[in-house]
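Visitor: structure for this input, please:
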Amino acid sequence: MESLRRAVSGLPEQPRVVASGSFATPTQLLAEVDRLLPTYRLWILNAQVDLPDREGVELETSFVGAAMRSRPRLHYIPSRLSLVPRLFQIANPPDAVLLHTSTPRDGTVSLGTDVAVLPAAIEVARRRGGVVLAQANRQMPYTFGDAVVSLDDIDALIEVDTPLASPPGIRLDDASVTIGELVAGRVPDGATLQVGIGAVPEATMSGLRGRKGLRIWTEMFTDSVLALERAGALDHERPITSSFLFGSPELYKWVDRNPRVQMARTETTNDPGLIARNHAMTSINTALQVDLLGQANASRIHARIYSGFGGQTDFIVGALHSRDGQALIALRSWHPRAHRSTIVPLLDEPVTSFQMTAVVTEQGVAGVFGHDQQAQARNLIEHAAHPDVREELWEEAHALGLA
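Guide: Numbers count the residues shown, from 1 in each chain. Model prediction:
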């Protein structure tokens, strides 16, 4: 641990520490750094595992994961994921980068399951005289592409042998299965997929196992991609391109040293121009609410940050510019815990995205893109909204001049 102490001894007062996110946070390394630094800013994308929670530690992110949600010392920095590397360059430069990597191989380590914004953070930190620290885990898979990091770029490294964290299992209820079937029905053979996490995306991917020649260009993926691979639904001539992944130990074992999987930095996976080059790019995301103007809120609840823009805007724009592409928002028509409709007259929360191809609920498919605003509202009421609120929505539509 002496090497860690020496590495952090030269950091400025309250340094910005960027660490691997999602289910790949280097918890042992972070605990040591937390012990050595009285105050610091901790920047993690989509944090899912326990983090230091004490005076002196300020949390920062552009996408709020469960481990940061509702924390009193959280600083949310709005940004598309594709632009987070630019934040590091001009507004939020890192002083230290904490990585969760594979063990060394041929003078390199791999970022494994979480690449995302880390290559950019490493570059900025090295350029500014910062430090790069690594927790090398015997159980972290060695993945290729932008995941590969030279040992020359790492100032100190500790070795551990601990299982990787995994998300809890997802139960598919009737509504999720129905939505998944409707979404899957719109995906042709040979389409390129970006699918997020949750019951509806899982149900969608399950419904695609009979397709042929599907391609994956996404910011993240889970075991559902492995299921498509084993079902023979994917195009074996094209690599699976992603920025991060998480899932079961079986998934982690499959991606280890697998040339089919190419991990890419966020500036690549989430670049709308590169997304648009994919044939029949099909972006499947979800939202908390959609209003009659076709605006989606996927970020806030009662004005409090819940997640963030994420890659939704990047992929909606990219998919709409792709030849034969489509951008779908899939969600339940009724929120069971909030006991309210997810199709609302007008958002009272900030807009995450808008002008998607269609909105899909268990009630049906409502076309948005290419329709005038009156037709958009009619489609959303008749084909996406829960029947119990349609009369009320029609009244609101009249008041808004949409009917």
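Visitor: how close does the closest residue to L118 other than its chain neighbours sit to P387?
Guide: Counting by CB to CB, 6 or more residues apart in numbering, L111 is the residue found nearest to L118 once chain neighbours are left out, at 5.8 Å. Heads up, the C-betas are built off the backbone N, CA and C, glycines and all. Note on L111: its distance to P387, by CB to CB, to the nearest Å, is 48 Å.
Visitor: picking up where we left off before, was I right to think the residue nearest to L118 contacts S20?
Guide: Yes - contact criterion CB atoms under 8 Å: L111 and S20 qualify, at 7.1 Å.
Visitor: and for those two, which residues touch both?
Guide: By CB atoms under 8 Å, 6 or more residues apart in numbering, L111 and S20 have these common neighbours: L99, H100, L118.
Visitor: ok, back up a step: and the residue nearest to L118, what does it touch?
Guide: Contacts of L111 (CB under 8 Å, 6+ apart): S20, L99, H100, T101, L118, P119, T143, D146, A147, V148, V149, M263.
Visitor: which parts of the chain belong to which domain?
Guide: The record assigns the chain these domain ranges, following automatic domain parsing: 2-160, 174-399.
Visitor: residues contacting the residue nearest to S150 when sequence neighbours are not counted?
Guide: Nearest in space to S150, with sequence neighbours left out and distances taken as CB to CB, 6+ apart, is T108 at 5.6 Å. Neighbouring residues of T108 by CB under 8 Å, 6+ apart: V148, V149, S150, L151.
Visitor: likewise P201?
Guide: G180, V195, S224, I284, T286, A330.
Visitor: now do the host helix or strand of I316: distance to the chain's middle.
Guide: Using DSSP states H and E, I316 sits in helix 312-320. The chain centroid and the centroid of helix 312-320 are separated by 13 Å under CA atoms, centre = their mean, to the nearest Å.
Visitor: got the contact list for it?
Guide: Against helix 312-320 from outside (CB under 8 Å, 6+ apart): 80-82, 194, 219, 270-276, 278, 281-283, 285, 296, 298, 325-327, 352-353, 355-357, 369.
Visitor: quick check: closest non-adjacent residue to R105.
Guide: Y142 is the one closest to R105 (CB to CB, 6+ apart), at 6.1 Å.
Visitor: may I ask which helix or strand encompasses that neighbour?
Guide: Per DSSP H and E, there is no helix or strand for Y142.
Visitor: residues in contact with it?
Guide: S102, R105, S110, G112, D256, R257.
Visitor: which ones are touching the fifth one?
Guide: In this structure, D256 makes contact with P141, Y142, T143, judged by CB under 8 Å, 6+ apart.
Visitor: can you tell me the closest non-neighbouring residue to the first one?
Guide: Using CB to CB, 6+ apart and skipping residues adjacent in sequence, the residue nearest P141 is D256, 3.6 Å away.
Visitor: roughly how far does that neighbour sit from V177?
Guide: 32 Å.
Visitor: and if you look at G196?
Guide: From G196 to V177 the distance is 17 Å (CB to CB).
Visitor: compare the two (neighbour count), which wins?
Guide: G196 (23 against 18; other CB atoms under 10 Å).
Visitor: so that one touches F221, yeah?
Guide: No - G196 lies out of contact with F221 (CB under 8 Å); the separation is 9.3 Å.
Visitor: residues contacting the closest residue to I77 other than its chain neighbours?
Guide: Distances taken as CB to CB, 6+ apart put S62 closest to I77, at 5.0 Å, once the chain neighbours are dropped. S62 is in contact with L45, Y76, I77, P78, S79, L81, V84, L87, G308, F309, counting by CB under 8 Å, 6+ apart.
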